[in-house]
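J.: sequence plus predicted model, see below.
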Amino acid sequence: MNNIYRLCILALVATFSVNSFAALTKLVSATNEEDTNSMVISLITDSSSDVTGINVKLISKSGSVKIDKNHNTEDVYSGFTLMEKEGRKIVRLESNNFSGHQGGAVIIDYLYNGITGSRAALILDLSRDGDKWNLTYKGSKTRKLHFVSHKKMLIGTIGVKRVIVQ
C-alpha cells in the first residue's frame, strides 16, 4: 500500500515539475465578421523554448474565456479545428512539416464555399530565432488574422471569402 502512495506522489511531483517549465508565447490573434469573439493562438514551449503544443483560447468581447484548449504537437500533423459551426469544420490548422525545435509551414485551411464544399488555404511560416518564435506571411511578421465572410444574397454566409493578414 505504501508503494502505491509513493508512486502517486512521484507522479504528482513529476507532473508539476514538467508543467512548471511550460510557457505560453502568443503567436497570433484572429477575428471574424460573424461574432465579436476573438481567438488567441499561443505556443506552449518547454525550458529549451521548443514547442510542445499549441493553446487555443476563444475570448468573448467582455474578456471572459469561452474555450481554452491545448493541442499536442501530434495534433498539428493531423490537423485540428479552430472554428466549427453547425457541425462543419470552418477553419482548421495543420502542418505537414512541423518541428517543435525549428517550426515549419502552418496551414490555415478554411471552408470557402459551404454549398460546394470547396476549401482554400493560407500558408504561414513558423520559424525560430534563438528562443523567440516568429509567424510570417510572405516574409512579413504576422500578429493578426481576420476572416472575411463569404456571403450570397438570399442565403447568407456560406464560408470564408478570404483571410486578411496583418
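T.: Arrived safely, thanks for sending. Numbering: from 1, shown residues only.
J.: show the contacting residues for the closest residue in space to Gly117 that isn't next to it in sequence.
T.: The shortest distance from Gly117 to any non-neighbouring residue, by CB to CB, 6 or more residues apart in numbering, is to Leu111 (7.8 Å). C-betas here are computed from N, CA, C, even on glycine. Each residue near Leu111 by CB atoms under 8 Å, 6 or more residues apart in numbering is listed here: 88-91, 117-119, 159-160.
J.: give me the buried subset of those.
T.: Buried positions within the contacts of Leu111, assessed by neighbour count (16 or more other CB atoms under 10 Å), are 89-91, 119, 159-160.
J.: quick check: bridge partners of Asp125?
T.: Ala105, Thr136 (DSSP bridges).
J.: go on, Asp129?
T.: Lys132.
J.: any figure for the gap between it and Met39?
T.: 24 Å (CB to CB, to the nearest Å).
J.: looking at the two now, which is surrounded by more residues?
T.: Met39 (20 against 8; other CB atoms under 10 Å).
J.: can you find the helix or strand of this protein with the lowest average pLDDT?
T.: Scoring the helices and strands of the chain by mean pLDDT, DSSP states H and E places helix 2-20 at the bottom, with a mean of 41.
J.: strand partners (parallel or antiparallel) of the very next helix or strand once past that helix?
T.: Following helix 2-20 in sequence order, the next helix or strand is strand 23-32 (DSSP states H and E). Partners of strand 23-32 in the sheet, by DSSP bridges, are strand 38-45 (antiparallel), strand 144-152 (parallel).
J.: so which of those strands is the most surrounded?
T.: Stretch with highest mean neighbour count among those: strand 38-45 (a mean of 19; mean count of other CB atoms under 10 Å).
J.: just how off-centre is that strand within its chain?
T.: Offset of strand 38-45 from its chain centre (CA atoms, centre = their mean, to the nearest Å): 6 Å.
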